[in-house]
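1. okay, structure incoming, though there's no sequence with it:
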């Protein structure tokens, strides 16, 4: 029997999740010193990098000393792998110990970063995921469906193993059509779905076409989302929850570290808790590199304590986040949160006629209109001026007259949210815009493409 | 969706020192086995899996933090 009541608040690891802050920080320092020494001793890349910055492991005596260590970029790791294929010199153990291989999604069209995990690394990643899913309410009695293609992109691999670790049933949807996946969700009595927010909406759309009412005809109570920020965008979250009649939670991870660094708990306070025993997270001004104070927007810089086959120390993630204290959530955890999840990416931000444009901010407006099936942001240079167009594709049942009114309403709301910036609202024919199973790509910057030619 | 009720579990949040010691002992013993015993392939793989699992326990409780790559794990 399906219930829409929230799951009870509980802890996978109460020792850590409720640890007093001074103890937590002491634990972080102990782990940091071990990791830095390990990287120094085992990796040419890291020894060179630390030496160039004039620092060595003995210099790390407090968490504040973290700032003495140099920042790391993805490009550095990519260059190292290019010069020393396939895994570069930043690794600290033989790839022969690997039990899993993944690579990044190659967001900007560049070569993906290759990462392997040993048995312990991989188990750690699953445990980090398990803590997150348990916090949102997943239990051993759940039946969890993965409408996911299972390729070299890490996607939901970690979540799959975490579900099994919790003791729940994991069903691999694999390479099937959305229609077949929906049938299995119903036939198997799935109580939870793990997918990107975009794909959860795509499944909802296909369900409507098939005459399936997901809220009524399925047992799904939990929607577990990663890969995109949508589940923390209030309008997107509300839309997904209304279509499925289920609770949608946000989980944030990275291929480079195999594990989830932040997760939403069953209290649904509007933020995601940082797994601070596994990660030391700093926020910097992306332009200056200076630390930003709590509560202000900054770029997330990550030090991963759980995996050391490829040490990730002071890694510039390009994620934009706003950190708030643990007390912002009533769940009892002592782990700080990122309010609103990952709010955007430094490399996704565009400037149009002096106004900052973040795809997630556009989505936050567009998803308030459930009559819109899909949308896309197109940036162009027309004459000497930058222009922004929003392509919107209404649901087939929306009449052409209503669609014109809808486009105007969306345009007004977007202008209100973006300092009066007017967007060219373009109505698109049915089924013309792409849908996505993994990371959605809804930003087309033709100015950049033209410049690259 | 319905707002969550603040229902907290009654699962134990703190282990006794004796319990922690027992868990550490199991972990250390598994390490010792892998360091000193020449095991058949199947037994070694299972022992590595067990050590990896025990690492999650002792690390998760903040009792031990080290890397096991030299043991092949």
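-> Nice, thanks for sending it over. What you see is a predicted model, and the numbers here were worked out from it, not measured in a lab.

2. residue A:304 and residue A:317 touch, don't they?
-> No - using C-beta atoms under 8 Å, residue A:304 makes no contact with residue A:317, being 10.6 Å away. C-beta coordinates here come from the backbone N, C-alpha and C atoms, glycine included.

3. what touches both of these two?
-> Taking C-beta atoms under 8 Å, 6 or more residues apart in numbering or on different chains as the contact rule, residue A:304 and residue A:317 touch no residue in common.

4. centroid residue for chain B?
-> With distances taken as C-alpha atoms, centre = their mean, residue B:54 lies nearest the centre of chain B, 1.8 Å away.

5. just checking, it touches residue B:28?
-> No - if you go by C-beta under 8 Å, residue B:54 and residue B:28 don't touch, sitting 9.1 Å apart.

6. for whichever residue of the stretch 301-450 of chain A sits closest to chain B, give me its contacts.
-> Nearest residue of the stretch 301-450 of chain A to chain B (C-beta to the nearest C-beta) works out as residue A:308 at 5.0 Å. Taking C-beta under 8 Å, 6+ apart, we find residue A:308 in contact with A:35, A:38, A:39, A:92, B:67, B:69.

7. residue A:166: which of those is nearest?
-> residue B:67 (25.5 Å; C-beta to C-beta).

8. helices or strands up against the lengthiest helix in chain A?
-> Longest helix in chain A, counting residues (DSSP state H): helix A:21-42. Helix A:21-42 sits against helix A:44-52, with contacts defined as 3 or more C-beta pairs under 8 Å, 6 or more residues apart in numbering or on different chains; DSSP states H and E.

9. quick check on residue A:202: phi, psi?
-> phi -60, psi -40 (degrees, to the nearest 10).

10. count of residues packed around it?
-> 20 (other C-beta atoms under 10 Å in any protein chain shown).

11. residue contacts, the closest residue to it other than its chain neighbours?
-> Leaving aside its sequence neighbours, residue A:202 sits nearest to residue A:435 (C-beta to C-beta, 6 or more residues apart in numbering or on different chains; 4.5 Å). Counting by C-beta under 8 Å, 6+ apart, residue A:435 touches A:198, A:199, A:202, A:205, A:374.

12. in JSON lines, list those residues along with distance to residue A:170 and secondary structure.
-> Converted to JSON lines, the contacts of residue A:435 look like this (distance: C-beta to C-beta, whole Å; DSSP: H, G, I helix; E, B strand; the rest coil):
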{"residue": "A:198", "distance to residue A:170": "22", "secondary structure": "helix"}
{"residue": "A:199", "distance to residue A:170": "17", "secondary structure": "helix"}
{"residue": "A:202", "distance to residue A:170": "21", "secondary structure": "helix"}
{"residue": "A:205", "distance to residue A:170": "25", "secondary structure": "helix"}
{"residue": "A:374", "distance to residue A:170": "29", "secondary structure": "strand"}
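
13. now do stretch A:87-105, average pLDDT.
-> Summarised as a single mean, pLDDT over stretch A:87-105 is 95.

14. distance between it and the chain's centre?
-> 22 Å (C-alpha atoms, centre = their mean, to the nearest Å).

15. now do stretch A:204-220
-> Using C-alpha atoms, centre = their mean, the offset of stretch A:204-220 from its chain centre is 26 Å.
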